[in-house]
Structures are given as C-alpha cells and as structure tokens.
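[1] Return a 3D structure for these sequence lines:
(one chain, ligands or ions: 2)
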Amino acid sequence: MIPISQSHIDRIVKDLTPPDEQARTQARAHLDTLTKPLGSLGRLEDIAAQLIAIHGAAPSLPLRKAVYTFAADHGIADEGVSAYPRAVTRQMVLNFLHGGAAINVLARLHGVALHVVDAGVDADFGGIPNLIHRKVRNGSRNMLHEPAMSDEELAKAIAVGAELAQQASAAGMQLIAIGEMGIGNTTSASAITCALTGASAAKATGRGTGVDHAAHAHKIHIVERVVTKHCPENTPPLAILQRVGGLEIAAMTGMVLAAATHRITIVCDGFISTAAAALAAAIAPEVKGYLIAGHRSEEPGHALLLSYLDLMPVLTLNMRLGEGTGAVLAMPVIESALALYSRMATFASANISEASQ
Ligand SMILES: Cc1cc2ncn([C@H]3O[C@H](COP(=O)(O)O)[C@@H](O)[C@H]3O)c2cc1C
Ligand SMILES: O=C(O)c1cccnc1
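    Ligands and ions are numbered 1, 2, ... in the order given. The predicted structure is shown next:
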C-alpha cells in the first residue's frame, strides 16, 4: 500500500518542471551586454538569471514577497538537547504575533508579508487572531523511542505547507522565504543531515541555541542513536522526514514542493529550513532550480546541506537564529540583482566600447 504521505506528494508535484534553461541562457546573454566588465556582478548575475529562468522573463519590481514562519514542538526536546525549555516555542509564537521578534523587524523593514503558522506547537492558542491555525498535533513524538510522526501526521503536516504555497501562488507571490521556530529542532536537522549526506553525528551537530560543551556531547550522542535507530543507509527521504523530522519541518518540505510546482522562488533560511528543502529536493530533484540559500548559518551541519544541494549562500553574517531572518535579509539582494538586470544601460545604448578580446 502507498503511504498516505507519498500519495499527497505525488499529487503536489504532478506538474513540477525545472526552470526554463533557454530563458536562463538568454538572460546570461543580456547580462553580457550591460555596461560592466563581463561577469563583474558575480553571484548577482547568477541570481538574476535564475529568477528569469523561473519566471520566463524579468519580473517587475518590487517583487511580491512573503515569509512563512512555521512553529512546532519536538518530543526530542525532553532529552536535554536545547539550551532553552520547550515553552519558548509557544512564547516566541506570541512574540511573533506581537511584532517583537527579529523576523518581525526584518519583514517590516523589507516589505515582506509575515505569516506565522502553528503546525504543531504544544499549547492551546484558542482562536488567537493573526496566527494560521494548522496544528497537526501538540508536538512531534520523541524520536529516540518512536518515529517523530505517524504517516497520517506526516501527510497532514506536508499538506499544511502545500496549501499555503497554493494560497501564496493564488495571491501572486513571487518570492517566499521559509523559516521556523521549534525548540529542539536543530537536533532533527542534524539527524536529517546525517541521513541525507552520510555525515557523522559529530560533524552534523552544532550547539543550536547555545548548549554548553557537556550538553553538546550529549546532543551528538542522541543524534547518533536516533540516526542508527531510524535511518539505515539509503532510507528514502520521506521516511527520513517521518522518523527524524518534525511537524514544522514537514510543513516547510510541503511548502517547497508546492511552491516550486507553482514556479515560486524559495529562499531558504538557516540549518532547519535548509534541511526541509534538502528533503524536498531528495523527494523531487526538479525543486533544486527554485531554491536560493539566503545565508550560511553558524551551525556546522548547514554547510553540509548547502554542498549537498550545491547552493552558495547569498550572505554570511555568522547568524544562528532561524525564524526566516537570514532568508528575508537576502531578499533585497535578490531584488537588487533583478534591478541591475532590468535597469542598467547596455554598451550599445550608452555608446561604450566593449572588451577588445
Ligand atoms: C528566544 C529564542 C528565539 C528563537 N528564534 C529562533 N530560535 C531557534 O532556536 C531553536 C532551535 O535551537 P535548539 O535546537 O537548540 O532548540 C528553534 O526554535 C530556532 O528557530 C530561537 C530560540 C530561542 C531560545
Ligand atoms: O541556522 C539556523 O536556522 C538555526 C541555528 C541555531 C538555532 N536555530 C536556528
């Protein structure tokens, strides 16, 4: 029998195709006509060409932008893997709703619509306004003892992200960032990194919110046990997600799969959101062409995921926060790339001599 989650995914990615390579080639040719030494805008040229390959033509500015911050709790937080108690997930969701978190400040500053999603916080938010209520369960299960999610919970969490991507597409969004809040979720991201890349727990596990030396050693041991228990070599990506993921991670994976299908560019944030995107790319490789890495997190596992995805981050600011912050910070750079592409003069229009060889 096909798991419910697999049949959901098959439906989500039914019309997924990679970005248009012909449009990318034409974009590169246009970039070479602009009044600058060939290739001198570096990565900005790659970014402009990628967006044009996605949209078929240069989209007008400003782009319609949104960030989705998915929140959920983690059973594994019971194992002493975070420097903060699990209650912080709920408290930070309230902070998001009151506008006081880092992501609120950056989203407001850069004109990015912020959507806060409860995918599985261990708290009763009642009917509190401005929160997207999609709680699948009060936290994922403790993956040290059982899979983090049942097949049904996994399918529901994936559907949360997919539904929101569909809504974003209907609202004309062109650039979306994925972010998260969930105490304990760097432990999940580390386990996912080990399972996808074959890296050791020691290499893929960092200090998250800032655990001390002893707690870090303990966290590495937990990741090792979880990966040994659930993810033997060649475990399929969907099974990795179910066993060692989390509800907000699955929602982000669903959002990436559906957003790519709708030809929306997705900006990954830090370690956890990139783990979700890496799973999406492992499930459906065409997704890769729609991804931009917003920044490089301080978490050591993030570098492993970025090289697994062959992505070069836009920014390196030594951040280790999450919430979508690094992704939103990259958005003005992405728009700058498009502005240069569309608004610079060409050698011909400005009467400037081109390179002689
Ligand atoms: C106040 C506060 C705000 C945050 N915003 C994002 N995170 C980040 O830290 C958590 C992951 O780290 P760990 O696996 O060590 O628990 C996630 O919630 C992540 O988004 C925060 C953490 C805290 C404490
Ligand atoms: O890279 C991240 O997103 C990150 C790192 C540490 C803690 N929370 C998030």
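
[2] Tell me how many other residues surround residue 232.
    By other C-beta atoms under 10 Å, 9 other residues sit near residue 232. C-beta: built from backbone N, CA, C; applies to glycine.

[3] For the stretch 201-350 of the chain, which residues are neighbours of ligand 1?
    By the rule C-beta under 6 Å from any ligand atom, the part of the stretch 201-350 of the chain lying against ligand 1 is 208-209, 321-323.

[4] now do the stretch 1-150 of the chain
    So far as C-beta under 6 Å from any ligand atom goes, the stretch 1-150 of the chain lies against ligand 1 at 82-84, 88, 92.

[5] Now the buried members of those.
    82, 84, 88, 92 (16 or more other C-beta atoms under 10 Å).

[6] Out of these, give me the two with the largest separation.
    Within these, 82 and 92 form the most distant pair, 12.6 Å apart (C-beta to C-beta).

[7] Of the residues of the stretch 201-350 of the chain next to ligand 1, which is the most crowded?
    residue 323 (30 neighbours).

[8] Quick check: that residue touching residue 177?
    No - using C-beta atoms under 8 Å, residue 323 is not in contact with residue 177; the gap is 9.7 Å.

[9] Identify the residue of the stretch 151-300 of the chain closest to ligand 1, quick one.
    residue 208 (2.3 Å; C-beta to the nearest ligand atom).

[10] Check what pLDDT that residue gets.
    pLDDT, residue 208: 98.

[11] and it, what helix or strand is that in?
    In the assignment (DSSP states H and E), residue 208 maps to no helix and no strand.

[12] Starting from residue 137, give me the distance back to it.
    Per C-beta to C-beta, to the nearest Å, residue 208 is found 22 Å from residue 137.

[13] same question, residue 307
    33 Å.

[14] The two: which is more packed in?
    residue 137 (20 against 11).

[15] Overlap in contacts, residue 323 and residue 177.
    residue 269 (C-beta atoms under 8 Å, 6 or more residues apart in numbering).

[16] Tell me how many other residues crowd residue 244.
    Residue 244: 31 neighbours (other C-beta under 10 Å).

[17] so it makes contact with residue 225?
    No - counting by C-beta under 8 Å, residue 244 stays clear of residue 225, with 10.9 Å between them.

[18] List the residues that contact the residue in the stretch 151-300 of the chain that ligand 2 sits nearest to.
    For the stretch 151-300 of the chain and ligand 2, the shortest gap (C-beta to the nearest ligand atom) falls at residue 270, measuring 2.1 Å. Applying C-beta under 8 Å, 6+ apart, we find residue 270 in contact with 295, 297, 299, 302, 319-322, 325-326.

[19] Please identify the helix or strand for the residue in the stretch 1-150 of the chain that ligand 2 sits nearest to.
    In the stretch 1-150 of the chain, no residue comes nearer to ligand 2 than residue 82, which is 8.9 Å away by C-beta to the nearest ligand atom. Element membership of residue 82 [criterion: DSSP H and E] is none; it lies in no helix or strand.

[20] try residue 189
    helix 185-197.

[21] need the next SSE after that helix, C-terminal direction.
    helix 201-204.

[22] Quick one: list the elements packing against that next one.
    Using 3 or more C-beta pairs under 8 Å, 6 or more residues apart in numbering; DSSP states H and E, the elements in contact with helix 201-204 are helix 185-197, helix 213-230, helix 300-309.

[23] got the contact list for it?
    Outside helix 201-204, the residues that reach it (C-beta under 8 Å, 6+ apart) are 190-191, 193-194, 197, 220-221, 223-224, 227, 300-301, 304.

[24] Need the per-residue pLDDT for the closest residue to residue 188 other than its chain neighbours.
    The shortest distance from residue 188 to any non-neighbouring residue, by C-beta to C-beta, 6 or more residues apart in numbering, is to residue 246 (4.8 Å). In this model, residue 246 is scored at 98, pLDDT.

[25] Residue 246 and residue 147 touch, don't they?
    No - applying C-beta under 8 Å as the test, residue 246 and residue 147 come out as separate, 11.4 Å apart.

[26] Who has more neighbours out of those two?
    A direct count of neighbours by other C-beta under 10 Å for residue 246 and residue 147 places residue 246 higher, at 35 against 19.

[27] neighbours of residue 202, just the number please.
    For residue 202, using other C-beta under 10 Å, the count is 15.

[28] Distance of the residue of the stretch 1-150 of the chain at minimum distance from ligand 1 relative to residue 47?
    Of all residues in the stretch 1-150 of the chain, residue 82 sits closest to ligand 1, at 3.2 Å by C-beta to the nearest ligand atom. When distance is defined by C-beta to C-beta, residue 82 is 34 Å away from residue 47.

[29] Output the lowest mean pLDDT helix or strand found in this structure.
    helix 4-12 (a mean of 91; mean pLDDT, DSSP states H and E).

[30] Please enumerate residues in contact with that one?
    For helix 4-12, the external contacting residues (C-beta under 8 Å, 6+ apart) are 151-152, 154-155, 158-159, 162, 238, 242, 254, 257-258, 261, 283-284.

[31] what does stretch 23-43 give?
    45, 48-50, 52-53, 55-58, 312, 314, 337, 340-341, 344-348, 350, 352, 355.

[32] Is there a neighbour count for residue 2? I'd like the number.
    7.

[33] Among the contacts of helix 4-12, which ones are in helices?
    Of these, the ones assigned to helices by DSSP state H are 151-152, 154-155, 158-159, 162, 238, 242, 254, 257-258, 261, 283.

[34] Verify the contact between residue 136 and residue 122 for me.
    No - at 11.7 Å, residue 136 does not count as touching residue 122 under the criterion of C-beta under 8 Å.
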